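> just coords:
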């Protein structure tokens, strides 16, 4: 959501071109004399923000992610290099207007620039003092000696690795089996029958014999191979927690005064 641009709030805001490229951060804000509204900003560019380029605020708007301007990154990169020291000469202003294709400010009959678009001068009317003070404060903080503290952190992730091989094979074993089978056999038994009417058969005393064939069942073993079971190898994923530890280094701040006293933070 767009919001009204205030000079103090613009300092150090991100500057974004129409395609979404971040150009840098706002270094200083220049106001129009007539409207007292922001008209130019300087954008810190370069590897460490050591360069400042003038960018027009015509058609720009401030949003939560920074200041959105209507000029692209190439135009800002190719802009004339002018020192953002609080003073813009008429020639420098003319270079900026022409570079960005902006209409030149009106001039007075003596050929000088109209006050409403006059180049800012130190202690003059071109630059708002409040914005100048805010920008100066930010510059003072930028020039203060600083020290960055760093530390190592453990970044733990996972990767798929091969842990081994599993083979499925079958082999033959011999085991003893006992099966109970019912078998039958024939036995001899003498059956006696009394003769109630003697004389019906001729009786004779003599030796005699008869032969009877006996039968019996015997177990017969016959083997056959049948399929009894099917096996296959499958894998499943099991998740478990593992505690990973490691040593990391980090820096600490320590302040030492002239008396040799140490203070850590």
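Arrived safely. None of these values were measured; they are calculated from a predicted model. Residues are numbered from 1 along each chain as shown.

> can you pull the pLDDT of the residue most central in space within the chain?
Nearest to the centroid of the C-alpha atoms of the chain, with distances taken as C-alpha atoms, centre = their mean, sits residue 157, at 10.6 Å. If you check residue 157, the pLDDT there is 85.

> again with residue 127
Looking at residue 127, its pLDDT stands at 40.

> give me the element the residue nearest to the centre of the chain is part of.
Using DSSP states H and E, residue 157 sits in no helix or strand.

> Give me the phi and psi angles of it.
When read as degrees, to the nearest 10, the backbone of residue 157 gives phi -140, psi -170.

> I'd like to check which residues are in contact with it.
Residue 157 sits next to no residue when contact means C-beta atoms under 8 Å, 6 or more residues apart in numbering. Quick note: C-beta positions are derived from backbone N, CA and C, even for glycine.

> is it true that residue 92 lies in a helix?
Yes - under DSSP: H, G, I helix; E, B strand; the rest coil, residue 92 sits within a helix.

> gap between it and residue 40?
The gap separating residue 92 from residue 40 is 11 Å, by C-beta to C-beta, to the nearest Å.

> Just want to know which of the two has more residues nearby.
For the pair residue 92 and residue 40, the greater number of neighbours falls to residue 40 (21 against 16), based on other C-beta atoms under 10 Å.

> which non-adjacent residue is nearest the more buried one?
With sequence-adjacent residues excluded and distances taken as C-beta to C-beta, 6 or more residues apart in numbering, residue 40 is closest to residue 30, at 3.9 Å.

> Give me the buried positions along the host helix or strand of the one you found.
Using DSSP H and E, residue 30 sits within strand 22-31. The neighbour-count criterion (16 or more other C-beta atoms under 10 Å) identifies 23, 24, 25, 26, 27, 28, 29, 30, 31 as the buried residues of strand 22-31.

> Could I get those residues in TSV, plus columns for distance to residue 99 and pLDDT?
Listed next are the buried residues of strand 22-31 as TSV, based on distance: C-beta to C-beta, whole Å; pLDDT from 0 to 100:
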residue	distance to residue 99	pLDDT
23	15	87
24	17	88
25	21	89
26	19	88
27	18	86
28	18	86
29	19	85
30	16	81
31	20	75
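
> what about residue 62, how many neighbours?
Residue 62: 19 neighbours (other C-beta under 10 Å).

> doesn't residue 7 make contact with it?
No - taking contacts as C-beta atoms under 8 Å, residue 62 lies outside contact range of residue 7: 11.1 Å.

> Would it be right to say that residue 223 lies in a helix?
No - counting by three-state DSSP, residue 223 is not part of a helix but coil.

> Tell me how far it lies from residue 170.
From residue 223 to residue 170 the distance is 18 Å (C-beta to C-beta).

> Now do the helices in this structure.
7-10, 73-77, 90-99, 129-143 (DSSP state H).

> per-stretch mean pLDDT over those helices, give me the minimum one.
helix 129-143 - the lowest mean pLDDT of those, at a mean of 52.

> residue ranges with poor pLDDT in the stretch 151-265 of the chain?
Counting by pLDDT under 70, the stretch 151-265 of the chain contains low-confidence ranges at 198-201, 260, 262-265.

> do that again at 80, thanks
Along the stretch 151-265 of the chain, segments meeting pLDDT under 80 span 195-203, 257-265.

> Could you work out the end-to-end span of stretch 77-90 for me?
21 Å (C-alpha to C-alpha, to the nearest Å).

> now stretch 220-235
Per C-alpha to C-alpha, stretch 220-235 runs 46 Å from first to last residue.

> How about stretch 242-252?
End-to-end distance for stretch 242-252: 30 Å, by C-alpha to C-alpha.

> Check the offset of that stretch from the chain's centre.
Centroid displacement of stretch 242-252 relative to its chain, using C-alpha atoms, centre = their mean, to the nearest Å, is 21 Å.

> With stretch 186-199 instead?
107 Å.
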